[in-house]
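Asker: Build me a structure from this.
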Amino acid sequence: MRRSAVPVPSTLKSLDPTQVELEISITPEEFSAAQDAAFRTLVRTAKIPGFRPGKVPRKIFESAYGPQGIIERALDDLLNKKYPAALEEHGIDPLTRPTVEVIPADDDSQPPHFKAVVAVRPDFEPKDYTGVEITDAPEAATDEQVEETLQQMRREAATLIPVDRPAQLGDTVTMDYEGKIDGVAFEGGTATGQETELNGDRFIPGFVDGIVGMTAGQTKDVPAKFPDPYSNADLAGKDAVFTITVHEIKEPELPALDDELAKRVSRSENLADLRAEVKRRLDETVKRNARRHLQGELLDKLTAANNFPLPDVLVERELVNVLNETRQYVVRAGIPWDDYLEKSGKSEDSLRQDARPEAERRVKTTLLVEAIAKKEGIVATQEDVENELAALSAQYGQPREKIIEALQANVPALIDGIVRTKTIDRLIEQARRVPPSAPAPATEVAAP
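Answerer: The predicted model follows:
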């Protein structure tokens, strides 16, 4: 008698660079055993007169409910068992749940088989990632930055002294004002006895410039223009006129930069300790900004040098993130989302189109860094994980156990973040840093 060939557990076929198809076979023995197990599960809840739950014979069960329920349950159980095995067999890391089709056998006496289509990362070889030329950036604060920060501390600790002169930038004035647009006062545009520091960066364009030069007791109409966008969409981009009356002008009297000031503005015991603490904090900020600059330029050049297809599913996921970030930014600015869409002349669809290049850039960067990490054998060690947990514990003031509890299902993301950071650090170490381009010399103008 001719023996039938033993089916291969699964076969793999590439549909395109980001999608594969698995054909997963089922042996007659597996199908029979799975149906038996499915029946034993389903019969426990079967309600047929004259039989206790779980004691209904299979023929009677199938007569009452039909065999299809058993077959469907058996196929579900087989898929849940055989699909992960097929992924492991072929070394597939799926990006999504599969689209599964049950394919009937040509011979009715044989079981069906599964066809599963799943999105995967593209298989590519990263190139040109060592010795990338990037523009160097300082990683320590300058003495000038330290001194400017100390001077800012002096300004913040200043005593306000009344003066009898026209207002200047940096002064604090007490004033009344009423703003109008097209001659009509608007909500939030009126104040009485308002104490205001004349700092142009804090107010809408034209407002502070119009107050500079005014004297105590003077009233003046000051034109100003609301920026666009603005937190109040009704005011965005509109011209306004503020009627301003200045009552008092004060200038800051700066304290001496000495040990007493250090004690007033910090926990330092003397000026030397305060200067050292300011330098330490500024160094951290400068170093963080330098790494952000180096990383950005490095990744831009790497993504430009490497071309490979992007899985649509990853781009769509990242597109959602980009749009959510836009929405959160708009909400934080105090602008209703519908008002923002109307004011910007955008629709949800047009925003998606505008955001797609950024989503694609992020996905490409992530896949490229992952591929480099894999090729270079960069992994997150137990020591790396412990260091990261310690850093998070210090940052949030929580014990290690609480951090782990808070992470829960996000531990894989934590590990991915560690690997990404280690990979980028290595790429920056291997890069060739070049000094920033010197600015072009100014053209000399001859004296008259």
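
Asker: What ranges does the chain have for its strands?
Answerer: 10-16, 19-24, 99-103, 113-119, 133-135, 159-162, 172-181, 184-197, 219-225, 239-253, 432-434 (DSSP state E).

Asker: Lys279: which of these is closest?
Answerer: strand 432-434 (23.3 Å; Cβ to Cβ). (Glycine included, C-beta is placed from N, CA and C.)

Asker: contacts for the closest one?
Answerer: 131-136, 294 (Cβ atoms under 8 Å, 6 or more residues apart in numbering).

Asker: pLDDT weak spots in the protein?
Answerer: Applying pLDDT under 70 to the chain flags residues 1-8, 438-448.

Asker: Give me the domain ranges for it.
Answerer: Structural domains annotated on the chain: 10-119, 159-253, 268-434, as defined by automatic domain parsing.

Asker: Relative to Val146, which of these is closest?
Answerer: Among those, domain 268-434 sits nearest to Val146 (Cβ to Cβ), with 5.2 Å.

Asker: What is the end-to-end distance of that closest one?
Answerer: 39 Å (Cα to Cα, to the nearest Å).

Asker: Quick one: distance of that domain to the chain centre.
Answerer: 6 Å (Cα atoms, centre = their mean, to the nearest Å).

Asker: Now which of the contacts of strand 432-434 would you call buried?
Answerer: 132, 134, 294 (16 or more other Cβ atoms under 10 Å).

Asker: Can you tell me which of these is closest to Phe124?
Answerer: Val132 (17.8 Å).

Asker: now the helices for this protein?
Answerer: 28-42, 58-65, 68-90, 143-156, 207-211, 259-265, 271-305, 312-332, 337-344, 348-376, 382-396, 400-407, 411-430 (DSSP state H).

Asker: okay, the fourth one in CSV with CA atoms only?
Answerer: Listed in CSV are the C-alpha atoms of helix 143-156, where the atom choice follows Å, rounded to 0.1, in the frame of the first residue of the first chain:
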residue,chain,number,x,y,z
ASP,A,143,32.4,81.0,31.6
GLU,A,144,30.2,83.6,29.9
GLN,A,145,27.2,81.3,30.2
VAL,A,146,27.9,80.7,33.9
GLU,A,147,28.2,84.5,34.5
GLU,A,148,25.0,85.3,32.6
THR,A,149,23.1,82.8,34.7
LEU,A,150,24.5,84.4,37.9
GLN,A,151,23.5,87.8,36.6
GLN,A,152,20.0,86.5,35.9
MET,A,153,19.9,85.3,39.6
ARG,A,154,20.8,88.9,40.6
ARG,A,155,18.0,90.3,38.5
GLU,A,156,15.5,87.9,39.9
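
Asker: helices or strands up against it?
Answerer: The elements that helix 143-156 packs onto, with contact taken as 3 or more Cβ pairs under 8 Å, 6 or more residues apart in numbering; DSSP states H and E, are helix 259-265, helix 271-305.

Asker: Glu383 is nearest to which of these?
Answerer: Closest among the helices and strands packed on helix 143-156, using Cβ to Cβ: helix 271-305, at 21.2 Å.

Asker: Would you mind getting the angle between that closest one and helix 348-376?
Answerer: 100 degrees (axes from the mean of the first three to the mean of the last three Cα atoms, to 10 degrees).

Asker: returning to what we had before: so which of the contacts of strand 432-434 comes closest to Glu277?
Answerer: Leu294 (26.1 Å).

Asker: any idea how far Arg352 lies from Ala359?
Answerer: 9 Å (Cβ to Cβ, to the nearest Å).

Asker: Overlap of the contact sets of these two?
Answerer: Leu319.

Asker: Neighbour count: the two, which is higher?
Answerer: Ala359 (21 against 16; other Cβ atoms under 10 Å).

Asker: List the buried residues for stretch 24-42?
Answerer: So, applying 16+ other Cβ under 10 Å, buried residues of stretch 24-42: 24-26, 30-31, 34-35, 38-39, 42.

Asker: if we can go back for a sec, would a markdown table of the buried ones among the contacts of strand 432-434 with distance to Leu407 be doable?
Answerer: Below are the buried ones among the contacts of strand 432-434 laid out as a markdown table (distance: Cβ to Cβ, whole Å):
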| residue | distance to Leu407 |
| --- | --- |
| Val132 | 33 |
| Ile134 | 33 |
| Leu294 | 28 |
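
Asker: Tell me the one of the residues you listed nearest Glu156?
Answerer: Leu294 (32.4 Å).

Asker: So the closest one sits against Ala137, correct?
Answerer: Yes: using Cβ atoms under 8 Å, Leu294 is in contact with Ala137, at 6.1 Å.

Asker: do you know how far the spatially closest residue to Val331 that is not a sequence neighbour is from Glu156?
Answerer: Nearest non-adjacent residue to Val331, counting by Cβ to Cβ, 6 or more residues apart in numbering: Trp337, 7.0 Å away. Distance of Trp337 to Glu156, given as Cβ to Cβ: 37 Å.

Asker: follow-up on the earlier one: can you add distance to Asp234 and give the helices of the chain back as CSV?
Answerer: Shown next, in CSV, are the helices of the chain (distance: least, Cβ to Cβ, whole Å):
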stretch, distance to Asp234
helix 28-42, 63
helix 58-65, 65
helix 68-90, 56
helix 143-156, 34
helix 207-211, 18
helix 259-265, 41
helix 271-305, 36
helix 312-332, 15
helix 337-344, 8
helix 348-376, 22
helix 382-396, 40
helix 400-407, 41
helix 411-430, 41
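
Asker: for those, which one ends up most surrounded?
Answerer: Mean neighbour count (mean count of other Cβ atoms under 10 Å) peaks for helix 207-211 among the helices of the chain, with a mean of 20.

Asker: Would you pull up how far it lies from the middle of the chain?
Answerer: 38 Å.

Asker: going forward can the numbers begin at 102, since that is how I track them
Answerer: In the new numbering, first residue 102, that becomes helix 308-312.

Asker: chain center to stretch 145-162: distance?
Answerer: For stretch 145-162, the distance to the chain centre is 55 Å (Cα atoms, centre = their mean).
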